[in-house]
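Participant: Need a 3D model of the sequence below.
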Amino acid sequence: MAAIITDQLRILNAKNFVAGVQTSSNSYYAFIGLPNPEDYQSDWDSSPPAPKDSLDQANDYWDTMLAMKKINSSDVSQVVRKIQWASGITYDMWRSDITRNNPSQPSGSFDIYSANYYVMNSDFRVYICLYNNATPENNFVGGPSLDEPTFTDLEPREAGNSGDGYIWKYLYTIKPSQAIKFDSTNYIPVPSNWETSIDDAPVRQNAPSSGQLKVVTIKNRGVGMGTANSTYTRVPILGDGFGAEATIVVNNDSKVETITVSKGGEGYSYGTVDLIAGNVPTGTTSPIFNVIVPPSGGHGSDIYRELGAYNVLTYARFENDTENPDFITGNQFARVGMIENPTAYDSSSILTLDKASAVYAIRLTGIGYSSALFTADSTITQTVGLGSTAVGKVVSYDQVTGVLKYWQDRTNSGFGSDGNVDASPVYGFRSNKFTSNITSGGSLSITGGSVSLGINTAFQGVSTVLNSRTYYLGQNFVNGLANPESQKFSGDIIYVDNRPSVTRSSSQKEDVKIILQF
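Facilitator: This next block holds a predicted model:
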């Protein structure tokens, strides 16, 4: 049995995903992680490996996660392929009958959404091409577009005076706020809430009743079409709709020169030009026309269906914040991703923080803490009890506040990132936590830095005052220790992208744009 899943399901899934992100009952986060990619693959930066999709691999994504940024309702949009208008390019035209046996021209696409039938101009206005000057003389491929469409008229028309034959329909303008977040190398956004948007209401309300016709193309001009240089008006277009009429002009050679839709009618899903009823001579060779049927509801009625908006772009900005310094500096990240509905640390409640740290932290104290060095990705240890050692890896160290951020993963306990197990790990197979409540034989000292420092067990809170200045730490410390703000292994990791590493500094920010294809 042959079956397909249609593009309309993909569009529906994209629309439902956007709605899911925008509902208050869900929380979606972008994350950055993997500060030590070279430990996984020596040539990571030149050839990042493809992510692996498994539950075990998801645990590793959590272990090496650094920070998370909430994706708010205004940070998600359905998007479509970016097709930038340029002079001299021959674009496809809208057709509802594109199939493998009847491909779009000139792209040769087997479905409408792969065809280049719409453009964005230099002013971020989006137009659909209703006619690309396809004629029998150019083998129905069309001709080059010479006039950039810039108008915002509600009715379709030509863009300029070059005579390139193109007919464009204005759809919408991408707002500056949308362009900043959702314009990318390969995609442009479509308006959100098209069905109710006030800004887009004129285009939406002008969309003609279902099936109003706009274009009829000439497949064969005919021969011997009666009297030369004649014009025939009110030629009916018949089909499952009603009311459409065309005007046909016969040239000096008694062939059809042009056909234009003079009245669009309504309700058409197919149609044909009735020459006999329009009193048009059929000639020795009858002309052949192709009635182009608009999308259901007319052009501009359903922008998502018309443009094939089955991709979604989410936006997150990782920008340093002195009052909430969850985004580390001085180290790198080589992975970005997205999580659905993670929970707050040690809680069943969905995380709602705008920014969240995914690493542990220690407030250190002792002589030399303000000049101590902890090399990024190096190992730190604490003897937490007799024969028990906690092991972690350095994320960052702040010499001003004495805050050391670190992460713990399976490689600290004899388990390789590749799944192999060390037969005799240095610190054993148990993963112990750093603690201020040591047992017999334990110590508060943290080793691995340039000097010996201890845990500041007297420190509590999310900020500290040094030299009359308040420093915010981003995490809540209890007895000198802070847990991540998100609960490890909670929610669902739904997207992962391994990429060349980026080293974060205090003066930079990263715009993370994630494309989800449905």
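Participant: The most centrally placed residue in the chain is in what secondary structure piece?
Facilitator: Most central in the chain under Cα atoms, centre = their mean is L313, positioned 1.8 Å from the mean C-alpha point. If you go by DSSP states H and E, L313 is part of strand 311-319.
Participant: what sits up against that strand?
Facilitator: Strand 311-319 has contacts (Cβ atoms under 8 Å, 6 or more residues apart in numbering) with 14, 17-18, 21, 28-30, 32, 67, 69-71, 75-80, 181-182, 184, 187, 189, 327, 338, 504, 509-518. Backbone N, C-alpha and C define where each C-beta goes, glycine included.
Participant: Buried only: go through these for me.
Facilitator: 14, 17-18, 21, 28-30, 32, 67, 69-71, 75-80, 181-182, 184, 187, 189, 327, 338, 504, 510, 512-514, 516, 518 (16 or more other Cβ atoms under 10 Å).
Participant: and these, which of them are in helices?
Facilitator: Cross-referencing those against helices under DSSP state H gives A14, F17, V18, V21, K181, F182.
Participant: ok, P189 touching D183?
Facilitator: Yes - with contacts counted by Cβ atoms under 8 Å, P189 reaches D183, the gap being 6.9 Å.
Participant: what touches both of those two?
Facilitator: I174.
Participant: what packs against the least confident helix or strand in the chain by mean pLDDT?
Facilitator: Ranking every helix and strand in the chain by mean pLDDT, DSSP states H and E puts helix 55-63 at the bottom, with a mean of 90. When contacts are defined as 3 or more Cβ pairs under 8 Å, 6 or more residues apart in numbering; DSSP states H and E, helix 55-63 sits against strand 492-503.
Participant: residues in contact with the strand it packs on?
Facilitator: 34, 37, 44-46, 48-51, 53, 58, 61-62, 330-341, 510, 514, 516.
Participant: Okay, now the unreliable bits of the stretch 301-450 of the chain?
Facilitator: For the stretch 301-450 of the chain, the stretches flagged by pLDDT under 70 are 418-419.
Participant: Which stretches in it count as strands?
Facilitator: 311-319, 332-340, 355-357, 360-365, 379-385, 388-398, 403-407, 445-446 (DSSP state E, counting those that start in this stretch).
Participant: about what we covered before: which single one of the ones in helices among the buried ones among the contacts of strand 311-319 is nearest to T135?
Facilitator: Using Cβ to Cβ, A14 comes nearest to T135 of those, at 36.4 Å.
Participant: Might one say that the closest one is in contact with A309?
Facilitator: Yes - counting by Cβ under 8 Å, A14 does reach A309; the two are 6.1 Å apart.
Participant: what touches both of those two?
Facilitator: Residues touching both A14 and A309 by Cβ under 8 Å, 6+ apart: Q78.
Participant: ok, back up a step: tell me the bridge partners for the residue nearest to the centre of the chain.
Facilitator: S77, I515 (DSSP bridges).
Participant: quick revisit: check the offset of the strand holding L313 from the chain's centre.
Facilitator: On the basis of Cα atoms, centre = their mean, to the nearest Å, strand 311-319 is displaced by 7 Å from the centre of the chain it belongs to.
Participant: buried sites along it?
Facilitator: So, applying 16+ other Cβ under 10 Å, buried residues of strand 311-319: N311, V312, L313, T314, Y315, A316, F318.
Participant: ok, now stretch 59-69?
Facilitator: Buried, per 16+ other Cβ under 10 Å, within stretch 59-69: D60, Y61, W62, D63, T64, M65, L66, A67, M68, K69.
Participant: tell me the contacts of the fifth one?
Facilitator: Going back to what we said before, that points to T64. Counted by Cβ under 8 Å, 6+ apart, T64 has contacts G33, L34, P35, N36, R335, W407, D409.
Participant: neighbours around Q399, how many?
Facilitator: For Q399, the neighbour count with other Cβ atoms under 10 Å is 14.
Participant: Same check on the one 3 residues further on?
Facilitator: Other residues within reach of G402, judged by other Cβ under 10 Å, total 22.
Participant: what residues are up against A376?
Facilitator: Residues in contact with A376, defined by Cβ under 8 Å, 6+ apart, are P35, G330, N331, Q332, V394, V395, S396.
Participant: now do 10 Å
Facilitator: P35, N36, I328, G330, N331, Q332, K393, V394, V395, S396, Y397, T503 (Cβ atoms under 10 Å, 6 or more residues apart in numbering).
Participant: now S192
Facilitator: Per Cβ under 10 Å, 6+ apart, neighbours of S192: V18, Q22, S73, S74, V76, S77, Q78, Q178, F182, D200.
Participant: Kindly recompute the last result at 7 Å.
Facilitator: Shown in contact with S192 (Cβ atoms under 7 Å, 6 or more residues apart in numbering): S77.
Participant: part of a helix, is it?
Facilitator: No - secondary structure assignment (DSSP: H, G, I helix; E, B strand; the rest coil) places S192 in coil, not in a helix.
Participant: related to what we said a few turns ago, would you mind writing the CA trace of the strand holding L313 as PDB?
Facilitator: The C-alpha coordinates for strand 311-319 follow below in PDB (Å, rounded to 0.1, in the frame of the first residue of the first chain):
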ATOM      1  CA  ASN A 311      10.300  25.200   9.600                       C
ATOM      2  CA  VAL A 312      10.600  26.900  12.900                       C
ATOM      3  CA  LEU A 313      13.400  29.200  14.200                       C
ATOM      4  CA  THR A 314      14.000  29.800  17.800                       C
ATOM      5  CA  TYR A 315      16.200  32.700  19.100                       C
ATOM      6  CA  ALA A 316      18.200  33.100  22.200                       C
ATOM      7  CA  ARG A 317      20.800  35.700  23.200                       C
ATOM      8  CA  PHE A 318      23.600  34.700  25.500                       C
ATOM      9  CA  GLU A 319      24.700  38.000  26.800                       C
END
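Participant: how far off strand 492-503 does it point, in degrees?
Facilitator: Relative orientation of strand 311-319 and strand 492-503, computed by axes from the mean of the first three to the mean of the last three Cα atoms, to 10 degrees: 50 degrees.
Participant: Now do the helices in the stretch 1-150 of the chain.
Facilitator: In the stretch 1-150 of the chain, the segments counted as helices under DSSP state H, counting those that start in this stretch are 7-22, 55-63.
Participant: who touches the last one?
Facilitator: Under the criterion Cβ under 7 Å, 6+ apart, residues G33, G337, W407, D409, R410, S417, K488, F489, I493, V496 lie in contact with helix 55-63.
Participant: still on that earlier bit, now the buried members of the contacts of strand 492-503.
Facilitator: By 16+ other Cβ under 10 Å, the contacts of strand 492-503 give 34, 37, 44, 48, 58, 61-62, 330-341, 510, 514, 516 as buried.
Participant: The residue of the chain most remote from its centre and R221, how far apart?
Facilitator: Distance from the C-alpha centroid of the chain peaks at T227, with 57.6 Å (Cα atoms, centre = their mean). According to Cβ to Cβ, to the nearest Å, T227 stands 16 Å off from R221.
Participant: Check P189 too.
Facilitator: Distance from P189 to R221, by Cβ to Cβ: 42 Å.
Participant: Likewise for T284?
Facilitator: As judged by Cβ to Cβ, T284 and R221 stand 12 Å apart.
Participant: For those two, indicate the residue with more neighbours.
Facilitator: Set T284 next to R221 and count neighbours by other Cβ under 10 Å: R221 wins out with 22 against 10.
Participant: out of everything not next to it in sequence, what's closest to that one?
Facilitator: K255 (4.0 Å; Cβ to Cβ, 6 or more residues apart in numbering).
Participant: does that neighbour really touch I218, like I thought?
Facilitator: No - the pair K255 / I218 is not scored as a contact, 9.4 Å apart, by Cβ atoms under 7 Å.
Participant: Identify the residue nearest S507 in space, chain neighbours excluded?
Facilitator: Using Cβ to Cβ, 6+ apart, the nearest residue to S507 is N320, at 7.8 Å.
Participant: where does the one you found fall, phi/psi-wise?
Facilitator: Per-residue torsions, N320: phi -60, psi 140 (degrees, to the nearest 10).
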